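> requesting a structural model of the entry that follows:
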Amino acid sequence: MVYTQFQPHPALTPYIDAYWTVTGDGDGLKTEKILPDGCVDIIFNLGADFETDNSNFMMKPEKTYLVGPMTRFKETMMLPETKLLGIRFKPSAFSAFYKYTSLHEFTDQTIEFEKKLSPDISKTIEYSTAYLNHFFLNKLSKPRHVLLPVVADIKNHKGQINVNILAQTHFTTIRQLERSFKQYIGVSPKEFINLVRYQFTLPEIQNKTSNRSLLDIAFDCGYYDHSHLTNEVKKYTGAAPSQL
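Below you'll find the predicted structure:
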């Protein structure tokens with residue numbers, strides 16, 4: 001698998017994490033693992049049939065799909081003919097371009113995206129990021145929520161903050177925070193906090209030059225113990241920390 005990503009126009013960077021492409025590498029059928037990141041993606045299938053969601057969904061050629069926020073890893077089947085192009089939206093930022101009742105309806109799901117809402121595939125192929133920038137700049141509107149600073153706060157704390165303190169800091173209630181997170185991010189505040197904590201913990205586990213024990217990493221990263229850390233890592237990656 002060959003993965004490449006491109007940065008969007010500076011005015012879009014608060015909302016769009018990256019444009020990206022994935023192509024097969026010519027070595028036959030391969031199973032690739034996709035890890036959760038709290039983002040929503042729009043994906044164009046520019047190649048052959050693409051089997052995803054643990055073999056439960058097939059992306060057809062020349063179609064566009066919406067991939068909702070993930071709460072655990074998923075496996076996809078990569079062929080040499082695989083060619084995907086995606087737009088990855090930052091957590092809570094999808095609503096700056098699209099109005100959906102609730103992203104929670106699409107959590108851990110892939111659905112075909114409405115053609116009238118999607119960038120034109122042929123123009124995307126011809127003009128690449130220049131066209132995508134033009135398309136999304138024209139659709140950009142200020143989000144009707146204030147979750148972007150809340151998300152930033154969670155990341156600044158590396159996922160080591162509880163929902164109570166988060167609500168107090170941002171002058172809201174836990175109930176309102178729950179509603180907003182499920183509507184605009186697709187998961188609960190607690191689920192998102194756990195995901196962010198795992199994202200900051202993973203590089204610590206993968207640092208082969210460090211002599212720190214897994215128990216030390218667990219305590220430093222806000223886990224109760226070694227077992228708690230192991231269970232969370234398995235949930236998000238499908239592997240034990242020792243296998244990463």
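> ignoring the adjacent residues along the chain, who's closest to residue 124?
The shortest distance from residue 124 to any non-neighbouring residue, by Cβ to Cβ, 6 or more residues apart in numbering, is to residue 131 (5.7 Å). Placement of C-beta: from N, CA and C, glycine included.
> phi, psi for that neighbour please.
The phi/psi pair for residue 131 (degrees, to the nearest 10) reads phi -70, psi -40.
> from residue 45, how far out is it?
18 Å (Cβ to Cβ, to the nearest Å).
> between the two, point out the one with more neighbours.
residue 45 (21 against 16; other Cβ atoms under 10 Å).
> relative to residue 5, how far out is the closest residue to the more buried one other than its chain neighbours?
Nearest residue to residue 45, sequence neighbours excluded (Cβ to Cβ, 6+ apart): residue 59, at 4.4 Å. To residue 5, residue 59 is 19 Å away according to Cβ to Cβ.
> would you confirm that residue 148 contacts residue 94?
No: counting by Cβ atoms under 8 Å, residue 148 stays clear of residue 94, with 11.7 Å between them.
> of those two, who's got more company?
Using other Cβ under 10 Å as the criterion, residue 148 and residue 94 rank with residue 94 on top: 27 against 17.
> I figured residue 34 hits residue 74, correct?
Yes: with contacts counted by Cβ under 8 Å, residue 34 reaches residue 74, the gap being 5.1 Å.
> now the one helix or strand residue 66 maps to, how far from the centre of its chain.
Per DSSP states H and E: residue 66 is located in strand 64-67. Between the centre of strand 64-67 and the centre of its chain there are 13 Å (Cα atoms, centre = their mean, to the nearest Å).
> dump it to CSV, restricted to CA.
What follows is strand 64-67 as a C-alpha-only set of coordinates in CSV (Å, rounded to 0.1, in the frame of the first residue of the first chain):
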residue,chain,number,x,y,z
THR,A,64,-18.2,8.3,-3.4
TYR,A,65,-18.6,7.2,0.2
LEU,A,66,-18.9,8.6,3.7
VAL,A,67,-16.9,6.8,6.4
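> just the pLDDT for the residue of the chain most remote from its centre.
No residue in the chain sits farther from the centre than residue 211, which is 30.6 Å out by Cα atoms, centre = their mean. For residue 211, the pLDDT comes out at 80.
> with residue 56 instead?
88.
> equivalent analysis for residue 143, please.
In this model, residue 143 is scored at 79, pLDDT.
> so how far is residue 70 from it?
21 Å.
> which one's more surrounded, the two?
Legend: neighbour count by other Cβ under 10 Å for residue 143 and residue 70, higher for residue 70 (24 against 17).
> and the more buried one, helix, strand or coil?
coil (DSSP: H, G, I helix; E, B strand; the rest coil).
> for it, phi and psi?
phi -100, psi 140.
> mind listing what the residue positioned nearest the centre of the chain touches?
To find the centre residue of the chain, average its C-alpha atoms and take the closest one (Cα atoms, centre = their mean): that gives residue 39, at 2.7 Å. Taking Cβ atoms under 8 Å, 6 or more residues apart in numbering, we find residue 39 in contact with 17, 69, 88, 89, 90, 91.
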